[in-house]
Structures are given as structure tokens and as C-alpha cells.
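*Asks:* Sequence and predicted structure are below.
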Amino acid sequence: MKKRNIAVIITVLVAGIYMYVHTISNKPVPAVSFDGKNTSFSVDGKVVTLVNGKSEVEAAPGSASKITTKYFGNEITSDLTGDGKADTAFLITQSTGGSGLFYYVVVAMKTENGYKNTNAFLIGDRIAPQPMYVSEGTTELQVNYAERKPGEPMTVQPSQGAVKLLKVTSTGTLEGLLK
């Protein structure tokens with residue numbers, strides 16, 4: 001009788017362990033969402049790390065001037081690399097201590113291990129960003145914005161529509177397309 005009880009206990013334990021392991025292995029992997037306010041990328045060859053949407057570093061060692069980079073937003077999610085994964089494009093701004101406010105696009109490419117960012121691609125100085133688009137069936141990022149008309153001073157509000165087409169290369173670089 002004792003051997004039978006031990007056999008039942010062992011059978012129940014093995015079944016319980018099997019069910020536990022089977023349940024764990026079938027749990028969905030939690031989705032990793034991209035956080036553009038806490039990420040790193042390069043701007044003109046220099047690595048910038050945003051913390052809570054902002055980075056501020058000295059323009060030069062010991063300088064009172066600061067280079068301030070901020071998350072702007074305008075996020076769009078689409079497959080921009082052609083690998084079937086949803087990548088995220090977003091805008092940042094950078095002020096280098098002068099009167100300019102430069103707008104850049106960065107693409108966070110989704111990988112098996114999280115996200116990898118492209119370089120920041122310059123869109124323009126003191127522009128008025130509009131929504132970005134990706135045409136169905138393409139991986140081309142259409143960046144819409146308003147800029148000043150030729151010859152207008154930088155003090156004039158941007159009023160002329162403009163578009164830049166960008167593409168992520170096979171090496172993970174964000175580049176402009178001429179069309």
C-alpha cells in the first residue's frame with residue numbers, strides 16, 4: 001500500500017511539474033515598447049542620451065553654453081526596414097546655444113533584442129513640423145513640415161509646405177532620398 005501511495009505522489013508531482021513548465025513556456029513574451037524619451041542616438045557623429053526627454057551638455061569643456069536636445073514626438077510606427085517588424089520614427093530638437101532650433105528625425109528599428117536607433121537626420125532649422133507618413137507598401141518615411149519661402153528671413157513664420165523622403169539603409173543609417 002505504501003508503494004502505491006508513493007507512486008501516486010510521484011505521478012502527481014511529475015504531472016504538476018510538467019504542467020507548470022508547460023504553462024511558463026507558453027506565456028506570451030511581454031511586448032517591449034519603444035520609449036523615445038529615454039534613448040540614445042547620434043547627432044552629427046556625437047552620441048546623445050535622452051533622460052526623461054532631455055539631454056543637456058556643455059558646448060565645450062568649461063563653457064556656459066549648452067547643447068540641449070529634446071524629444072519632440074510626432075511618432076509614427078511602421079515597418080521602415082522591410083523586416084516585418086514595427087519600427088518607430090520620431091522627431092527631436094537640438095539647440096546649440098545660438099538662435100537656431102534644429103529638427104531631426106530618428107528611427108528606432110525593432111530587433112529581436114529590443115530597439116536600435118539610426119542616426120539623427122537633419123530636417124531643418126526653426127521649421128513647423130507636420131505629421132509623418134509611410135505610404136502603404138513602401139518603407140519610405142515622408143517627413144512633412146513648413147519652412148520659409150526662399151529669401152525670407154528666419155524671423156518669418158514658416159508657411160511653405162515641404163517634404164523630405166527618408167529611408168533606412170541595410171546598414172541601419174537614415175538617409176535622404178532624392179525625388
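*Replies:* That came through, no problem. Numbers count the residues shown, from 1 in each chain.
*Asks:* was I right about residue 169 contacting residue 139?
*Replies:* No - between residue 169 and residue 139 there is no contact under C-beta atoms under 8 Å: 10.5 Å. (Each C-beta comes from the backbone N, C-alpha and C, glycine too.)
*Asks:* between these two, who's got more neighbours?
*Replies:* Ranked by neighbour count (other C-beta atoms under 10 Å), residue 169 and residue 139 place residue 139 first, with 16 against 10.
*Asks:* contacting residues for that one?
*Replies:* 78, 79, 80, 81, 82, 167, 168 (C-beta atoms under 8 Å, 6 or more residues apart in numbering).
*Asks:* ok, 7 Å please
*Replies:* 79, 80, 81, 82, 167, 168 (C-beta atoms under 7 Å, 6 or more residues apart in numbering).
*Asks:* Quick check: the fifth one is in a strand.
*Replies:* Yes - Residue 167 forms part of a strand when assessed by DSSP: H, G, I helix; E, B strand; the rest coil.
*Asks:* can you tell me how far the residue most central in space within the chain sits from residue 178?
*Replies:* The centroid of the chain falls nearest to residue 108 when counting by C-alpha atoms, centre = their mean (3.1 Å). Distance of residue 108 to residue 178, given as C-beta to C-beta, to the nearest Å: 25 Å.
*Asks:* cool, and residue 157?
*Replies:* Where residue 178 is concerned, residue 157 sits at a distance of 28 Å (C-beta to C-beta).
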